[in-house]
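I'll drop the sequence and a predicted model, then ask my questions.
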Amino acid sequence: MTTTAELQQQTLRVLVVAQVLSGAGLAAGITVGALLAQDMLGSTGLAGLPSALFTAGSALAAVGVGRISQSRGRRPGLATGYAVGAVGSVGVVVAAVLDSPVLLFGALFIYGAGSATNLQARYAGADLADPGHRARAISTVLVATTLGGVVGPLLAAPTGQLAHMVGVPHLAGPFLLAAVAYAAAAAFLAVRLRPDPLLHAREVAASEAATGAQPGAVPVASPAEVSHGIFLGTLVMVLTQIVMVAIMTMTPVHMHDHGHGTGAAGAVIAVHVAAMYLPSPLTGRLVDRVGSTTMALASGGTLLAAGLLAASAPDDSVVLLALALALLGLGWNFGLVSGSAIITNAAPLETRARTQGLVDVSIAVAGAGGGLMSGVVVGLASYSLLSLGGGLLALAIVPAIAATSRSRGPLAPA
């Protein structure tokens, strides 16, 4: 008979493969979404709209994926989300061919389902994990996104050339890759994610409750502890998402406006995406060891450093912009892993998937606001002001943690 620990390792292997595939799809919108809108609309002020649209779409998708996962399990929830993301990717390509901004906006909204699903998969990695190793399980799933997420931006120029050869606009090329990547991730999960980790976790919990044997179980949290934990985890991830999306969205536009090509912008975004996911195993271990609030505070400090560096970097310095975007990705990683661990530990198993989906809605809405705001700020002021403001906003994590800790007492390590 297969043990829970063995099923956990099997689940992580399947999720890792799916995340590698989906990471390439995720990177398409980051790399060329703003540039495509700028090209079609002829306006820098609206260049942040694609990020706002696909993050808004991810908000709606997070609700759907969460509800499907709650009622039917992680496998149908995640597979459906990636399949919808693939449809959106195809829609972006068609919109570019037809030069239709209206179709582009609708397709980008649908494309956001892939982004939402990519994030929701991290929770599936923790369903069967030991409570003391949940952050590590979450981080294992996140780091798997690195390969596809780094390779995707680097393929921006080659896929653009391929697209041009088949009669598709150059900037729509990465979305061809996204369509294939998301479809492959959906098919792989639909076939291989068996048994379903969330459904199996519920069966194990029900069995242990029936026999009265719950080895290693953690004490049941009070309603106040649950609500405080969910609030804090959500707030940490919302703040980090706003800052990260706002600065990240406008960096390719900023570089393009100062004479840098698509290849240079793709390389900077590749560094950024690597920093978003590659440190995850170390972050997970740190969260499990030193506690989630400590790492959330580290997130705020790292994002501040990223904003200051991006604001002060010379316009012709690709290296300094890459370093700033690396710090931006690292700060986001600290916030996401620590916040996800807080949420997973706080939410009861019977409502966990639905709660996680609703939390990710807040994150997606925050990202949509950050993306939309970024284009307006740069259009009215400058990229430097946007970066500086984002870094200062990240410091709001500090008083939020202090206030929450006073109201509920010290938080246990995730």
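Great, that's in hand.

Surely Arg192 is in contact with Val14?
Yes: with contact taken as CB atoms under 8 Å, Arg192 and Val14 are classed as touching, separated by 4.7 Å. Where you see a C-beta, it was placed from the backbone N, CA and C, and this is true even at glycine.

The two: who's more crowded?
Val14 (19 against 15; other CB atoms under 10 Å).

quick one: what helix or strand has the more buried one in it?
Assessed by DSSP states H and E, Val14 sits inside helix 4-41.

Could you list the buried residues of that helix?
Within helix 4-41, the residues scored as buried using 16 or more other CB atoms under 10 Å are 7-8, 10-12, 14-16, 18-40.

and the next element down the chain from it?
In the C-terminal direction from helix 4-41 (assignment by DSSP H and E), the next one is helix 49-72.

average pLDDT across the helix or strand following that following helix?
Using DSSP H and E, the helix or strand that follows helix 49-72 in sequence is helix 74-98. Averaged across helix 74-98, pLDDT comes to 94.

name the helices or strands packed onto the very next helix or strand once past helix 74-98?
Per DSSP H and E, the first helix or strand lying C-terminal to helix 74-98 is helix 101-124. For helix 101-124, the packing partners by 3 or more CB pairs under 8 Å, 6 or more residues apart in numbering; DSSP states H and E come out as helix 4-41, helix 49-72, helix 74-98, helix 134-154, helix 173-192, helix 318-346, helix 352-380.

buried ones in helix 101-124?
103-124.

quick one, it and helix 74-98 angle?
If you take axes from the mean of the first three to the mean of the last three CA atoms, to 10 degrees, helix 101-124 sits at 160 degrees to helix 74-98.

Just the CA coordinates for helix 101-124, please, in CSV.
Only the C-alpha atoms of helix 101-124 are listed here, as CSV (Å, rounded to 0.1, in the frame of the first residue of the first chain):
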residue,chain,number,x,y,z
PRO,A,101,-7.6,45.9,-29.8
VAL,A,102,-11.0,44.8,-28.6
LEU,A,103,-10.3,41.1,-29.3
LEU,A,104,-6.8,41.6,-27.8
PHE,A,105,-8.3,42.8,-24.5
GLY,A,106,-10.8,40.0,-24.3
ALA,A,107,-8.2,37.4,-25.1
LEU,A,108,-5.8,38.8,-22.5
PHE,A,109,-8.5,38.6,-19.9
ILE,A,110,-9.0,34.9,-20.7
TYR,A,111,-5.2,34.3,-20.9
GLY,A,112,-5.1,35.3,-17.2
ALA,A,113,-6.5,31.9,-16.3
GLY,A,114,-3.1,30.3,-16.9
SER,A,115,-1.4,32.7,-14.5
ALA,A,116,-4.0,32.0,-11.8
THR,A,117,-3.6,28.3,-12.2
ASN,A,118,0.1,28.5,-12.2
LEU,A,119,-0.1,30.1,-8.7
GLN,A,120,-2.9,27.8,-7.5
ALA,A,121,-0.7,24.8,-8.2
ARG,A,122,1.5,25.7,-5.3
TYR,A,123,-1.3,24.9,-2.8
ALA,A,124,-1.7,21.4,-4.3
